[in-house]
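S.K.: One predicted model, sequence on top.
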Amino acid sequence: MTTEVTVDVELLRSEIEKTYTEVSTEPARDFIFPTGRAWAEQLGYPQPELARVPDQTVASFAGVANPFSLGPIEQGMTVLDLGCGAGTDLLIAAQMAGERGRVVGVDMTTTMLDRARASARAMGITNVELHESLIESLPLADASVDIVISNGVIDLVPDKQVVFDEIDRVLRPGGRLQVADVVIHTEVSADARDRIDLWTG
Ligand SMILES: C[S@@+](CC[C@H](N)C(=O)[O-])C[C@H]1O[C@@H](n2cnc3c(N)ncnc32)[C@H](O)[C@@H]1O
């Protein structure tokens with residue numbers, strides 16, 4: 001399967017980065033999408049793991065649903081969070097995977113990763129690593145991950161096939177993908193696909 005991409009990808013990425021820099025530096029602001037701890041609680045996020053994640057991270061939570069509802073993360077697993085943002089899902093997964101596990105977060109927005117890093121430090125969590133990178137080109141070895149999680153990110157990438165190829169490459173045989181994302185059930189017109197305001201909104 002190939003995806004026809006006509007939108008200006010560099011411009012789109014810079015607008016997405018601008019939006020999520022604002023989510024991480026001005027979390028109290030109202031955005032067109034829901035954010036923050038009350039939203040994560042409404043989505044049924046696992047407790048007590050959510051309660052232990054500091055506000056500096058959860059205030060910038062911008063997920064769309066709850067990827068943990070799709071299956072358990074067991075002690076010792078290696079988990080990859082695609083587009084980890086400020087680290088809510090990452091730090092919940094790190095508590096579930098435990099000290100024998102490893103949780104890797106990848107995101108392209110520096111200020112989001114800064115929040116995730118600071119919260120991991122504040123929680124004394126040492127089994128996470130963070131990479132500033134595009135999810136279209138993952139800094140991970142083949143077949144090195146047990147579970148890929150992602151929340152509200154793949155919908156922001158024009159060439160989704162490249163992302164799924166990367167997921168397929170890094171997941172070990174029998175590994176799992178637990179995605180929460182926005183799905184549209186009708187064909188999106190070519191005009192709408194090129195409108196960056198509709199991607200970032
Ligand atoms: C809607 S937020 C979700 C963040 C996090 N998953 C959460 O639930 O709070 C989208 C995140 O995806 C990141 N992102 C978008 N496109 C990306 C790409 N191509 N590569 C890496 N990160 C990307 C943004 O920087 C942002 O942090």
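M.R.: Arrived safely, thanks for sending. Numbering: from 1, shown residues only.

S.K.: Going along the chain, name the strands of this structure.
M.R.: 78-82, 102-107, 128-132, 145-151, 171-180 (DSSP state E).

S.K.: Mind putting the ones you listed into JSON lines with mean neighbour count and mean pLDDT?
M.R.: The way it works is simple: take the backbone N, C-alpha and C, and place the C-beta from them, glycine included. Below are these laid out as JSON lines (neighbours: other C-beta atoms under 10 Å; pLDDT from 0 to 100):
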{"stretch": "strand 78-82", "mean neighbour count": "26", "mean pLDDT": "98"}
{"stretch": "strand 102-107", "mean neighbour count": "26", "mean pLDDT": "98"}
{"stretch": "strand 128-132", "mean neighbour count": "18", "mean pLDDT": "98"}
{"stretch": "strand 145-151", "mean neighbour count": "24", "mean pLDDT": "98"}
{"stretch": "strand 171-180", "mean neighbour count": "16", "mean pLDDT": "98"}
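
S.K.: got JSON lines for these, with distance to the ligand too?
M.R.: Shown next, in JSON lines, are the strands of the chain (distance: least, C-beta to the nearest ligand atom, whole Å):
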{"stretch": "strand 78-82", "distance to the ligand": "7"}
{"stretch": "strand 102-107", "distance to the ligand": "5"}
{"stretch": "strand 128-132", "distance to the ligand": "9"}
{"stretch": "strand 145-151", "distance to the ligand": "4"}
{"stretch": "strand 171-180", "distance to the ligand": "8"}
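
S.K.: so Val153 touches Met112, yeah?
M.R.: No: if you go by C-beta atoms under 8 Å, Val153 and Met112 don't touch, sitting 11.0 Å apart.

S.K.: shaky segments in this structure?
M.R.: Scanning the chain for pLDDT under 70 picks out 1-3, 201.

S.K.: Give me every residue in it that's in contact range of the ligand.
M.R.: 16, 20, 61-63, 83-85, 88-89, 107-109, 112, 134-136, 151-153, 156-157 (C-beta under 6 Å from any ligand atom).

S.K.: Identify each of the helices in the protein and give its residue range.
M.R.: 9-25, 37-42, 49-52, 55-58, 88-97, 110-123, 160-170, 190-193, 196-200 (DSSP state H).

S.K.: Of the ones you listed, give the one that comes closest to Ser144.
M.R.: Among the helices of the chain, helix 160-170 comes nearest to Ser144, with 5.8 Å by C-beta to C-beta.

S.K.: ok so, going back, possible to save the strands of the chain as TSV with distance to Pro34?
M.R.: Shown next, in TSV, are the strands of the chain (distance: least, C-beta to C-beta, whole Å):
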stretch	distance to Pro34
strand 78-82	19
strand 102-107	19
strand 128-132	24
strand 145-151	12
strand 171-180	13
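
S.K.: quick one: which of the ones you listed is nearest Gly44?
M.R.: strand 171-180 (11.4 Å).

S.K.: what helices or strands is the closest one leaning on?
M.R.: For strand 171-180, the packing partners by 3 or more C-beta pairs under 8 Å, 6 or more residues apart in numbering; DSSP states H and E come out as strand 145-151.

S.K.: Show residues contacting the strand it packs on.
M.R.: Strand 145-151 is contacted from outside by 63-65, 67-68, 71, 73, 77-83, 85, 89, 93, 104, 135, 167, 170-172, 175-181, using C-beta atoms under 8 Å, 6 or more residues apart in numbering.
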